[in-house]
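Asker: Following is a predicted model, sequence given first.
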Amino acid sequence: MEKLLFEKFGYRSFREGQKEVIESVVAGCDTLAMLPTGKGKSLCYQMPSYVLNGPVLIVSPLLSLMQDQVEQLMVRGEKRVVALNSFLPYKERLKAINQLHRYRFIFVSPEMLTLDNVKRALSMCSIRLFVVDEAHCISQWGPDFRPDYLLLGKVKEQLGNPPTLALTATATEKIRQDIKQSLNMIRPVEWIYSVNRSNISLSVEKSKSFSQKVKLLEKCITSFSAPGIVYFSSKQLADELAYEFHSTTSRRIASYHAGLDQEQRILIQQQFLNDQLDWVFATSAFGMGINKENIRTIIHFHMPSSMESFVQEIGRAGRDGQKSLSILLYLIGDEQIPTNLLDLERPSSLQVREYYRRRESNQDLVTVSESIGLTEIQTRILQHFEKHIEKNNQWVSEVDSQLARRLVEKQRKIMDVVRFVETDNCRRKVLVETFSEGLNEQDDCCDVCGLKKPYGEQLLTTNNDNSNFVSWQERLSQLF
């Protein structure tokens, strides 16, 4: 295996967990692997293809993630690789589907697997390994509610139940159970490694006003090592602050979010990868699929909605093993932002009743969604329930009940992050306990345990005369 590793991939040794996962997969076992971000999960399905000498199907959630893997394989000289997604023009996509049996690596989104012509083409390919990347998306309590992920177990059956590999960097025990059940995994072998990235120091910096928080961010991006990513919940604020700091500081900064067109997003990714940008101000849409080893600092301007999301995002730093830093900027009431987003994503009882009534009268989905004011996420959720809950007089109350349970679970996840922020104990200990892990002591752990310079330097003096004064404009900004 070491010889093949060097000949095909240029590495002389495996990283932690890689060899064990590959041996399990090659032996034909269904396998669930939780490896920390940056530990080379892609090798766990790329190498078995050469050992098994057959095609591998990789289900992936993001276009950028697929495209990055495709480009990496092609750079290594592998030409039999394709990604069925919107990057492929329609005619090229049809041609690829008709010639799917010629490819060794086939990347596809879960939504693409619902298309009959794609399933037919895949059934002719004798798939040797069925891979689900970012498998935590399967869980409806996960960071992204993607209903088609829940259908992957049926797709696997239609392909003859090939051995399955589920890969993730962050999954609690509950989410791992969801993954195994949804994929119909048979006596799966589990390789679960710690979420702890010891080379990433953890810090929380609290502000007393919105303007102070902005000043603190400016201090961070000019004081701490780049390249880095700053995460926002607001696309508009990411744009505004990126423009302001790019103009007023010496740092090269761009913003990135789903509101940008595809070409602009690709350009920013390439500039960041080629060290032409110091900082990217982004929503959570940025980072997954960005294979950049020297990211030094991750800053959260807004609080993430769960510890799983937090670990995923900070894990994009320090993939080269060098010291890196995570800073979470916190203003009292920040937890209200993800809480409000939950309310927006949940359909009201009235909308659920109207959806049921109109769908029963055979109105099409687009008309129903527009007429009762459903968002894209709300439509996806109700469409999922329509497929999976028997339609009868109890349908509306059952959907309401499941939505309420989902809300409670997501609120609990938000409070896990608040507990991380407010703790007087070791932050790393709080983080790993979320994933039912223990912790050994280490240097440069977190701001509570004590950080060496430059990490331990006070970023912003908060004891000035005006620190307790909050203008009505700042208070309004906090509320929004």
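Answerer: Looks like it came in fine.
Asker: Okay, the residue nearest to residue 13 when sequence neighbours are not counted and residue 194: tell me how far apart.
Answerer: Distances taken as Cβ to Cβ, 6 or more residues apart in numbering place residue 2 nearest to residue 13, at 7.2 Å, with adjacent residues excluded. To be clear about C-beta, it is placed using only N, CA and C from the backbone, and glycine gets the same treatment. Counting by Cβ to Cβ, to the nearest Å, the gap from residue 2 to residue 194 is 25 Å.
Asker: just residue 7 next, same as before
Answerer: From residue 7 to residue 194 the distance is 31 Å (Cβ to Cβ).
Asker: Comparing those two, which residue is more hemmed in?
Answerer: residue 194 (15 against 9; other Cβ atoms under 10 Å).
Asker: Now do the buried residues in the helix or strand harbouring residue 396.
Answerer: Element membership for residue 396 (DSSP states H and E) is helix 395-422. Neighbour-count burial for helix 395-422, counted by 16 or more other Cβ atoms under 10 Å, picks out 395-396, 399-400, 402-403, 406, 410, 413-414, 416-417, 420.
Asker: repeat for stretch 279-299
Answerer: By 16+ other Cβ under 10 Å, the buried positions in stretch 279-299 come out as 279-284, 286-290, 292, 295-299.
Asker: Just the ones of these in strands?
Answerer: Using DSSP state E, the subset of those located in strands is 279, 280, 281, 282, 297, 298, 299.
Asker: and which of those is nearest to residue 108?
Answerer: Comparing these against residue 108 with Cβ to Cβ places residue 282 closest, at 25.4 Å.
Asker: Against residue 242, how distant is the closest one?
Answerer: Residue 282 is 9 Å from residue 242, by Cβ to Cβ.
Asker: that older thread, could the ones in strands among the buried residues of stretch 279-299 go into a markdown table alongside pLDDT?
Answerer: As requested, those are exported to a markdown table (pLDDT from 0 to 100):
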| residue | pLDDT |
| --- | --- |
| 279 | 97 |
| 280 | 96 |
| 281 | 97 |
| 282 | 94 |
| 297 | 95 |
| 298 | 96 |
| 299 | 97 |
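Asker: Could I get those in CSV, plus columns for distance to residue 347?
Answerer: Output for these, formatted as CSV (distance: Cβ to Cβ, whole Å):
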residue, distance to residue 347
279, 37
280, 33
281, 31
282, 28
297, 39
298, 33
299, 34
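Asker: mean confidence score for stretch 153-160?
Answerer: Computed over stretch 153-160, the mean pLDDT rounds to 89.
Asker: Run a quick neighbour tally on residue 249.
Answerer: Every residue meeting other Cβ under 10 Å relative to residue 249 is counted, giving 14.
Asker: Double-check it against residue 217; I have them as touching.
Answerer: No: using Cβ atoms under 8 Å, residue 249 is not in contact with residue 217; the gap is 10.7 Å.
Asker: circling back to that earlier point, quickly list what's touching both of residue 282 and residue 242.
Answerer: residue 255 (Cβ atoms under 8 Å, 6 or more residues apart in numbering).
Asker: just the strands in the stretch 1-150 of the chain please.
Answerer: 31-34, 56-59, 81-84, 105-108, 129-132 (DSSP state E, counting those that start in this stretch).
Asker: so for the last one, what's the average pLDDT?
Answerer: Per-region confidence: strand 129-132 scores 94 on mean pLDDT.
Asker: coming back round to it: next one: the helix holding residue 396 to chain centre, how far?
Answerer: 19 Å (Cα atoms, centre = their mean, to the nearest Å).
Asker: how is the protein carved up into domains?
Answerer: If you go by automatic domain parsing, the domain ranges for the chain are 2-192, 200-337+411-479.
Asker: Columns distance to residue 375 on top of these, output as TSV?
Answerer: Below are the domains of the chain laid out as TSV (distance: least, Cβ to Cβ, whole Å):
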stretch	distance to residue 375
domain 2-192	12
domain 200-337+411-479	14
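Asker: Residue 389: which of those is closest?
Answerer: Nearest of those (Cβ to Cβ): domain 2-192, 12.4 Å.
Asker: how long is that closest one end to end?
Answerer: 22 Å (Cα to Cα, to the nearest Å).
Asker: Lowest-confidence one in the buried residues of helix 395-422?
Answerer: Lowest confidence among these: residue 406, with 84.
Asker: From residue 39, how far out is the nearest residue to residue 233 once chain neighbours are set aside?
Answerer: Closest residue to residue 233 apart from its sequence neighbours, by Cβ to Cβ, 6+ apart: residue 302 at 4.0 Å. From residue 302 across to residue 39, the span is 27 Å (Cβ to Cβ).
Asker: and these two? which has more neighbours close in?
Answerer: residue 302 (22 against 19).
Asker: Please name the residues that touch the more buried one.
Answerer: So residue 302 contacts 231, 232, 233, 234, 334, 337 (Cβ under 8 Å, 6+ apart).
Asker: helix/strand/coil for it?
Answerer: Using DSSP: H, G, I helix; E, B strand; the rest coil, the structure places residue 302 in coil.
Asker: Quick check: pLDDT value at it.
Answerer: pLDDT at residue 302 comes out at 95.
Asker: separation between it and residue 311?
Answerer: As for residue 302, its distance to residue 311 is 16 Å (criterion: Cβ to Cβ).
Asker: show me where the stretch 1-150 of the chain has helices.
Answerer: 2-9, 18-26, 43-52, 63-75, 90-98, 116-123 (DSSP state H, counting those that start in this stretch).
Asker: Nearest to residue 257 among those would be which one?
Answerer: helix 63-75 (12.7 Å).
Asker: List the buried residues of that closest one.
Answerer: Buried residues in helix 63-75 (16+ other Cβ under 10 Å): 63, 64, 65, 66, 67, 68, 69, 70, 73.
Asker: same for it, what does it pack against?
Answerer: Helix 63-75 sits against strand 81-84, strand 105-108, with contacts defined as 3 or more Cβ pairs under 8 Å, 6 or more residues apart in numbering; DSSP states H and E.
Asker: I'd like those as JSON lines, with mean neighbour count and mean pLDDT appended.
Answerer: As requested, these are exported to JSON lines (neighbours: other Cβ atoms under 10 Å; pLDDT from 0 to 100):
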{"stretch": "strand 81-84", "mean neighbour count": "23", "mean pLDDT": "90"}
{"stretch": "strand 105-108", "mean neighbour count": "23", "mean pLDDT": "93"}
